[in-house]
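*Asks:* task: produce atomic coordinates for the following.
(chains A and B)
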Protein chains: 2
Amino acid sequence: MVGKFIGIGVGPGDPELITIKAAKALRAAEYICVPKSQVHKPSMALGMIKQILEERQNPAEIVELLFPMTKDEMNNRKLWSENAAIVSSKAKKGDVAFITLGDPMLYSTFLYLYEYIKETFPGVEMEIIPGVTSLTAAAARAKLPLAEREEVVTIIPSDLDPAIIEETARSADNLVFMKCAYRIKELIPILKKAGFTKDAKIALVKRCTLPKEKVLVGKLSDAENWKVKKDYFSVAIVKRSQVPIHWKKNGEQA
Amino acid sequence: MVGKFIGIGVGPGDPELITIKAAKALRAAEYICVPKSQVHKPSMALGMIKQILEERQNPAEIVELLFPMTKDEMNNRKLWSENAAIVSSKAKKGDVAFITLGDPMLYSTFLYLYEYIKETFPGVEMEIIPGVTSLTAAAARAKLPLAEREEVVTIIPSDLDPAIIEETARSADNLVFMKCAYRIKELIPILKKAGFTKDAKIALVKRCTLPKEKVLVGKLSDAENWKVKKDYFSVAIVKRSQVPIHWKKNGEQA
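*Replies:* This next block holds a predicted model:
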């Protein structure tokens, strides 16, 4: 193998939130893999690196890889294996970058391919360049701290079962729901059942740091009246209170 | 006020993991605040932006702010109030950047000052530029995914009480312990009590992406024999298994 397979986090949306290291790797790689959920849908990650690619003297070869989000595991594995074979064949000729929104190690499409290549093509050298996640970018835009002092933060993928969300929330201080806008209304009663009061702070950030970004911040009781359109790119942060849950349990604070 | 107060995450350690946006802000700000825990200790965050500052045509004024890590709340509030007054007075003349390792919204020194300024100097405009956290940077270096599919991730500040860590770990899939090297040996029996088996995967990353970085990856049973020197800059990632805990509970998977 001549080249490496490099997973690159391009951050939450704003092209300036790409790291210097990621920009360098994107200027140098011979091949740039772009994950797509549908053939004819433009890739948001590719749009974010447009300027970096335009500044290149020798253009990179863009390799579109299809990752439809289905529950058909058989078909998924077939596609990953095909995509892995493509990456491996390109890596024989030069560095292969794979761009991913946010960070490659946190709920990314990259991970499926990564694990598959590790198993099937052990000769391919791999590198991972971390990126700014939507977790902290949303906290920055909402101006709501993700965690202070002894607070515990729990990150929940939003398509979990309501009973599991409730159980998880019960012992949590601060919660982050990834990709949640389609069910924010549904989450509020779950949070109430888990002991979050109507005064608990909540922020919903849609299309964080992107054009048409929407930031809503308020109390849980406000959020019931928020008019929220569905959007895949959305993060919610919920904070139980100013006081971590275990302080109350230990009686350190009322 | 002429200037803004800008909280800037400079990432986990490697100066190339600074974002393009952060670098731009650091080249433009009139004042750059550097948090220090001790007067005579060099600031790691300042070291990371050295090259960016050297490339400036007009040098910035470096403002050292002392944030000793003590439990003396009275004294702490006095220092925050003094630091807030310094920031506010500088903001009358130009942009004031405040650099923080990792991200400003996640367990940072910036947050204390931020909340204080918000309360006491409501006229100061504020901006937050997110950064790459040690969470995902450690996952990248250890090549251990932080979360896939339906896994829940729980972030634990390591100085929590063992009983609280155990309770939190009991309902968690993947755990991240922040700044944990000084008690990694102590964490292993807690994790076992919380139902993590000896085959659970664990990674310990010290001085992530910095010179003299150390990455240890193995099973919980291996970690008992790791020789780990104390180091403030350390993150551990622990993964319960390949299967999220709620799958087992629901009987979906054995």
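*Asks:* which residue ranges of the stretch 51-200 of chain A form strands?
*Replies:* A:61-66, A:96-100, A:125-129, A:153-157, A:174-178 (DSSP state E, counting those that start in this stretch).
*Asks:* per-residue confidence averaged over the fourth one?
*Replies:* Spelled out, that is strand A:153-157. Averaging pLDDT along strand A:153-157 gives 93.
*Asks:* contacts for it, please.
*Replies:* Among residues not part of strand A:153-157, those counted as contacts by Cβ atoms under 8 Å, 6 or more residues apart in numbering or on different chains are A:106-107, A:135, A:146-147, A:165, A:168-169, A:172-179, B:106, B:147, B:149-155, B:172. C-betas here are computed from N, CA, C, even on glycine.
*Asks:* burial count for residue A:100?
*Replies:* 27 (other Cβ atoms under 10 Å in any protein chain shown).
*Asks:* next one: residue A:77
*Replies:* 12.
*Asks:* any idea how far the nearest residue in space to residue A:240 that is not next to it in sequence is from residue B:23?
*Replies:* What sits nearest to residue A:240 in space, not counting adjacent residues and going by Cβ to Cβ, 6 or more residues apart in numbering or on different chains, is residue A:173, at 5.1 Å. Using Cβ to Cβ, to the nearest Å, one obtains 33 Å as the distance from residue A:173 to residue B:23.
*Asks:* before we move on, the earlier item: and the contacts of strand A:153-157, which of them are buried?
*Replies:* Neighbour-count burial (16 or more other Cβ atoms under 10 Å in any protein chain shown) applied to the contacts of strand A:153-157 gives A:106-107, A:135, A:146-147, A:165, A:168-169, A:172-179, B:106, B:147, B:150-155, B:172.
*Asks:* what ranges in the stretch 51-200 of chain A fall below the confidence cut-off?
*Replies:* A:69, A:181-182 (pLDDT under 70).
*Asks:* tell me where it has helices.
*Replies:* Taking DSSP state H, counting those that start in this stretch as the criterion, the stretch 51-200 of chain A carries its helices at A:73-91, A:109-120, A:134-142, A:162-170, A:184-193.
*Asks:* tell me the contacts of residue A:81?
*Replies:* Residue A:81 makes contact with A:116, A:120, according to Cβ under 8 Å, 6+ apart.
*Asks:* again, only this time at 10 Å
*Replies:* Listed by Cβ atoms under 10 Å, 6 or more residues apart in numbering or on different chains, the contact set of residue A:81 reads A:113, A:116-117, A:119-120.
*Asks:* most neighbours out of those, which is it?
*Replies:* residue A:113 (26 neighbours).
*Asks:* dump the residue contacts of that residue.
*Replies:* Residue A:113 neighbours (Cβ under 10 Å, 6+ apart): A:5, A:7, A:33, A:35, A:65, A:67, A:79-81, A:83-84, A:86-87, A:98, A:100, A:104.
*Asks:* which one of these sits closest to residue B:75?
*Replies:* Nearest to residue B:75 out of the contacts of residue A:113 is residue A:104 (Cβ to Cβ; 42.3 Å).
*Asks:* ok, now which ones touch the closest one?
*Replies:* A:6-10, A:98, A:110-111, A:113-114, A:128-131, B:136, B:139-140, B:145-146.
*Asks:* phi first, then psi, for it.
*Replies:* phi -60, psi -20 (degrees, to the nearest 10).
*Asks:* Three-state assignment for residue A:6, please.
*Replies:* strand (DSSP: H, G, I helix; E, B strand; the rest coil).
*Asks:* in a markdown table, list the contacts of residue A:81 along with distance to residue A:75.
*Replies:* As requested, the contacts of residue A:81 are arranged in a markdown table below (distance: Cβ to Cβ, whole Å):
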| residue | distance to residue A:75 |
| --- | --- |
| A:113 | 15 |
| A:116 | 14 |
| A:117 | 19 |
| A:119 | 18 |
| A:120 | 17 |
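*Asks:* out of these, which comes closest to residue A:214?
*Replies:* residue A:113 (31.3 Å).
*Asks:* centre-most residue in chain A?
*Replies:* Chain A has residue A:102 as the residue nearest its centroid, 4.8 Å off, counting by Cα atoms, centre = their mean.
*Asks:* can you tell me, leaving aside adjacent residues, what's nearest to it?
*Replies:* Nearest non-adjacent residue to residue A:102 (Cβ to Cβ, 6+ apart): residue A:133, at 4.8 Å.
*Asks:* which residues does that neighbour contact?
*Replies:* Per Cβ under 10 Å, 6+ apart, neighbours of residue A:133: A:9, A:11-12, A:101-103, A:105-107, A:139, A:155, A:176, A:178, A:208, A:235, B:103, B:106, B:130, B:132-133, B:135-136, B:146.
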